[in-house]
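A.B. asks: Here is my input; please provide its structure:
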Amino acid sequence: MKPINVELTLGHNIGISASYYKPNENEVLEDYLTAVESLTISNDKTKLTKQIAELKQRSKKAKVVSTISHATNALKLKDKEERNDKSKETLLIFSKQDF
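C.D. replies: Predicted structure coming up:
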């Protein structure tokens, strides 16, 4: 919250700044509302609930990324195994041929 808005909210005199800074009520209210969560002491349950929801969301995203990564690695491994099997077959065919 802007320091000058804090002073205005508390009803303090802002001196000569009052001649230059004349916010309307909505501007001061918006500034205050951005700071409410940080200023509220008894709102711990709400903060924790919000943090838990964010962590659950991150966890879900991490699981999806992990699953995709695992599937990609499995596909790569399967592809390598198939190429290895083809190479073995080719070597076997060539080893049986007489030159």
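
A.B. asks: What are the structural domain limits within the chain?
C.D. replies: 1-39, 43-99 (automatic domain parsing).

A.B. asks: Can you give the distance of the last one from its chain's centre?
C.D. replies: How far domain 43-99 lies from its chain's middle: 22 Å, per C-alpha atoms, centre = their mean, to the nearest Å.

A.B. asks: what about the helix or strand that contains Ile68, average pLDDT?
C.D. replies: Per DSSP states H and E, Ile68 falls inside helix 44-96. If you average the pLDDT over helix 44-96, you get 89.

A.B. asks: what sits against the most centrally placed residue in the chain?
C.D. replies: Closest residue to the average C-alpha location of the chain: Arg58 at 6.6 Å, with C-alpha atoms, centre = their mean. Listed by C-beta atoms under 8 Å, 6 or more residues apart in numbering, Arg58 has no contact partners. Placement of C-beta: from N, CA and C, glycine included.

A.B. asks: Look up how far Thr9 lies from it.
C.D. replies: According to C-beta to C-beta, to the nearest Å, Arg58 stands 35 Å off from Thr9.

A.B. asks: Please name every helix or strand in contact with the host helix or strand of Ile4.
C.D. replies: Secondary-structure assignment from DSSP H and E places Ile4 in helix 3-9. Packing partners of helix 3-9 (3 or more C-beta pairs under 8 Å, 6 or more residues apart in numbering; DSSP states H and E): helix 25-39.
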